[in-house]
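K.L.:
just to be clear, the model below is a prediction. Sequence and coordinates:
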Amino acid sequence: MPYTVKDILRIQVAPALGCTEPVAIALGAAAAVSLLSEKQIDDIEIWVDPNIYKNGLAVSIPGTGGLSGLDMASALGAFGGDAGLRLEVLDTVDEAAVSAARQIVDAGRVKVNLLRDQVGLLIRTVVRGCGQVAESVITGLHDNIVSLTLDGEAITDSDLLPISESSDGKSRLADLEAWLKKRSLDQLLELLDDLDDDDLAFLESGIEVNMRLADYGLKHGSGLGVGRTLERLVRQGLIKRDMITAARILASSAADARMSGVKLPAMSSAGSGNHGLTAILPIVAIEEFLAVNHLTVVQAIGLSHIITAYVKAYTGRLSAICGCSVAAGAGAAAGVTYLMGGTKHHIAGAIKNLAEDLAGVICDGAKGGCALKLATAAGTAVQAALFSLQGVNVSFTDGIIGRSPEDTMKNIGTLTTQGMIETDRTILNIMLEKQFSDV
């Protein structure tokens, strides 16, 4: 079926409170608990795919004072989450919920199972309490609850079911991604013509949401303090505040805040809050350097989301490659080029420049250090655009670069889904060895 830009924004872009992997785990638990007649929880057991496991292992959970872990995320969702809030499920968590979650985790009554051979996003949660057994299953999208059961009986009338299924039962995300893969860059650019006032207002809200995170990170030096350190270096005259540095400061400041567990949502893109920060903030950062209408800035962000979704259609939702670098980075590069008046040729060049530069950046889980990667992705996106506008355009004879941006993205998808499977396993094994050596 044909899709519109409104469909892309609705399926791919949403506010998320906290890193989306532990948030998805919390959502699964909250959804299961909502089925129980009484909120008395005896034990919780979850099964997750390797990439959910990898990205939920070490990142701070918002509103907990720095707590982390898949077991803790599930317990917090169970005791304090509101499944109706989807990716903002943890917004209702209070001190009582944190205390209860600590107790059940410390008692060893939350069990996490790693499904090592699972391909694709999967979270299965079973909660037992008051003699009842409730189960939820999330697949495909971080908030796509596809199954709810209570004592073995399927629940079919819940408002939580499901957000991404079409009338024929197929995944809306799978349909959208299949449709996106058939689009050319020309056709993706034409989607911007269909942005209406509601779309523009939604995109503007994404700017506001992500800027709150960036402002917080700059003010408080949260997490690693990458953004605030860059700002300090500018003030000391050790580096210059140009377009590239401005983009790095905004994106990394927001990541500093988000990855340290600050209780502020991010506007996500393609299932990731950090993708959303990368897709939006570099474009916002360069507005002050240009004589442009703000409407064009918002349209450029729309293009960034579209390109990010397009790349993720090839690489998959979660993988061994850092999506902030290759997917949201490509989106930001396209958006920056568009904002600076570049043609389709320039946008294509910027995407290829970005891919040549960052295709090898790995994803080793969600954590405070992601702020460094977002700084790199944001700065490189602006650089890729500036280079393309100055005639620098990587040749298709170079490595994995294709003759077109479409072919380049296909090649990155092949690299991710076929070439880096063992890399992903190795990354996870290294992380697991570190985790168990500390026990």
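P.N.:
Right, received. Where do you want to start? Numbers count the residues shown, from 1 in each chain.

K.L.:
could you give me the buried positions within stretch 419-431?
P.N.:
Within stretch 419-431, the residues scored as buried using 16 or more other Cβ atoms under 10 Å are Met420, Thr423, Asp424, Ile427, Leu428, Met431. The way it works is simple: take the backbone N, C-alpha and C, and place the C-beta from them, glycine included.

K.L.:
contacts only, for the closest residue to Leu150 other than its chain neighbours.
P.N.:
Distances taken as Cβ to Cβ, 6 or more residues apart in numbering place Leu35 nearest to Leu150, at 4.5 Å, with adjacent residues excluded. Shown in contact with Leu35 (Cβ atoms under 8 Å, 6 or more residues apart in numbering): Gln132, Ala134, Leu148, Thr149, Leu150, Ile155, Ser158.

K.L.:
where does Leu35 land in three-state SS?
P.N.:
At Leu35 the chain is in coil, as set by DSSP: H, G, I helix; E, B strand; the rest coil.

K.L.:
just the one 4 residues further on next, same as before
P.N.:
The three-state label given to Lys39 by three-state DSSP is coil.

K.L.:
next one, pLDDT for Ser437 please.
P.N.:
pLDDT recorded at Ser437 is 58.

K.L.:
and Ile52, what helix or strand is that in?
P.N.:
Using DSSP states H and E, the element containing Ile52 is helix 50-56.

K.L.:
show residues contacting that helix.
P.N.:
With Cβ under 8 Å, 6+ apart, helix 50-56 has contacts from 19-22, 24-25, 48, 69-70, 73, 112, 114-116, 118, 121-123, 317-319, 363-366, 424-425, 427-428, 431.

K.L.:
so which of these belong to helices?
P.N.:
In this view, these that belong to helices under DSSP state H are Thr20, Glu21, Pro22, Ala24, Ile25, Leu70, Ala73, Asp424, Arg425, Ile427, Leu428, Met431.

K.L.:
tell me the contacts of Asp143?
P.N.:
Per Cβ under 8 Å, 6+ apart, neighbours of Asp143: Ala14, Ala24, Leu27, Arg86, Leu87, Ile163.

K.L.:
nearest spatial neighbour of the third one, chain-adjacent residues omitted?
P.N.:
Looking back up the chat, that one is Leu27. In space, Leu27 is closest to Val89, 4.6 Å off (Cβ to Cβ, 6+ apart).

K.L.:
name the SS class of that neighbour, please.
P.N.:
With three-state DSSP as the criterion, Val89 reads helix.

K.L.:
nearest to Leu290 among the buried residues of stretch 419-431?
P.N.:
Distance to Leu290, by Cβ to Cβ, is smallest for Met420 among the buried residues of stretch 419-431, at 36.9 Å.

K.L.:
need the contact list for the closest one.
P.N.:
The contact partners of Met420, by Cβ under 8 Å, 6+ apart, come to Ser319, Ala320, Ile321.

K.L.:
just the buried ones from the contacts of helix 50-56, in PyMOL syntax?
P.N.:
The PyMOL command for the buried members of the contacts of helix 50-56 (criterion: 16+ other Cβ under 10 Å) is given here:
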select buried, resi 19+20+21+22+24+25+48+69+70+73+112+114+118+121+122+123+317+318+319+363+364+365+366+424+427+428+431
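
K.L.:
need the CA coordinates for the strand or helix carrying Ala375. CSV is fine.
P.N.:
Element membership for Ala375, per DSSP H and E: helix 370-389. Below are the C-alpha coordinates for helix 370-389, written out as CSV (Å, rounded to 0.1, in the frame of the first residue of the first chain):
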residue,chain,number,x,y,z
CYS,A,370,27.0,7.1,23.5
ALA,A,371,27.3,10.9,24.0
LEU,A,372,30.8,10.6,22.4
LYS,A,373,29.3,8.8,19.4
LEU,A,374,26.5,11.3,19.0
ALA,A,375,29.1,14.1,19.0
THR,A,376,30.9,12.4,16.2
ALA,A,377,27.8,11.6,14.2
ALA,A,378,26.4,15.1,14.5
GLY,A,379,29.6,16.8,13.6
THR,A,380,30.3,14.4,10.7
ALA,A,381,26.8,14.9,9.4
VAL,A,382,27.4,18.6,9.1
GLN,A,383,30.9,18.0,7.6
ALA,A,384,29.5,15.5,5.1
ALA,A,385,26.9,18.2,3.9
LEU,A,386,29.5,20.9,3.7
PHE,A,387,31.9,18.7,1.7
SER,A,388,29.2,17.7,-0.7
LEU,A,389,28.2,21.3,-1.3
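
K.L.:
give the rounded mean pLDDT of that helix.
P.N.:
98.

K.L.:
that one: which residues count as buried?
P.N.:
Buried residues in helix 370-389, counted by 16+ other Cβ under 10 Å: 370-371, 373-389.

K.L.:
following it, which helix or strand shows up next?
P.N.:
Remark: after helix 370-389, the chain's next helix or strand is helix 405-414, criterion DSSP H and E.

K.L.:
give me the contacts around that next one.
P.N.:
By Cβ under 8 Å, 6+ apart, the list of residues contacting helix 405-414 reads 184-185, 310-311, 313-316, 321, 326, 330, 347-348, 351-352, 355, 359, 396, 400-402.
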